[in-house]
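> Take a look and give me a structure for this.
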Amino acid sequence: MYTSTRQRLDVFTSQEQDILFDIEPLMRSIRKVMCINLGNSVIWYNDGDPLSAADQSYVLDNVFNYHPDKAEKIGAGIDNVTAG
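Residues are numbered from 1 along each chain as shown. Below is the predicted model of the structure:
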C-alpha cells in the first residue's frame, strides 16, 4: 500500500500510519484542488496563480485552519489564496 505521495506505507511506524490514515483523504483533496478540470483537459495551477472561489473556500475551510502561522497569515484579512 502507498501514500498519496507514493511512499510505501510499511516504512512508517504504526503511529505514523495512524496519522497518515487521518490526513490522506485531505491530501488527495488538495491534489484535486491544485488542478482545474476543463472538460477533457486538466490544467494545474502555477505558482502564484489565484485559486478559484470554490478551491479557495475549500482550502480556507479544510486546510488553512491547521496552519501554525494562521494568525500572521490572515493579518487584516484574506484577499485571495494563491497556489505555491
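> With adjacent residues omitted, what lies nearest to the spatially most central residue of the chain?
Among the residues of the chain, the one closest to the centroid is Ile30, at 3.1 Å (CA atoms, centre = their mean). Using CB to CB, 6 or more residues apart in numbering and skipping residues adjacent in sequence, the residue nearest Ile30 is Val63, 6.6 Å away. C-beta coordinates here come from the backbone N, C-alpha and C atoms, glycine included.
> Quick check: the gap between the one you found and Ala54.
14 Å (CB to CB, to the nearest Å).
> Over to Asn80?
Asn80 is 13 Å from Ala54, by CB to CB.
> what's next to stretch 51-69, contact-wise?
The contact list for stretch 51-69 (CB atoms under 8 Å, 6 or more residues apart in numbering) reads 26, 29-30, 33, 36, 45, 50, 70, 73, 78, 80-83.
> Repeat the analysis, applying 7 Å as the threshold.
For stretch 51-69, contacts defined as CB atoms under 7 Å, 6 or more residues apart in numbering pick out Leu26, Ser29, Ile30, Val33, Tyr45, Lys70, Lys73, Asn80, Val81, Thr82, Ala83.
> As a markdown table, these with pLDDT and distance to Gln15 would be great.
Shown next, in a markdown table, are the contacts of stretch 51-69 (pLDDT from 0 to 100; distance: CB to CB, whole Å):
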| residue | pLDDT | distance to Gln15 |
| --- | --- | --- |
| Leu26 | 75 | 18 |
| Ser29 | 71 | 23 |
| Ile30 | 71 | 23 |
| Val33 | 67 | 28 |
| Tyr45 | 78 | 33 |
| Lys70 | 79 | 25 |
| Lys73 | 79 | 29 |
| Asn80 | 81 | 37 |
| Val81 | 79 | 32 |
| Thr82 | 82 | 34 |
| Ala83 | 79 | 31 |
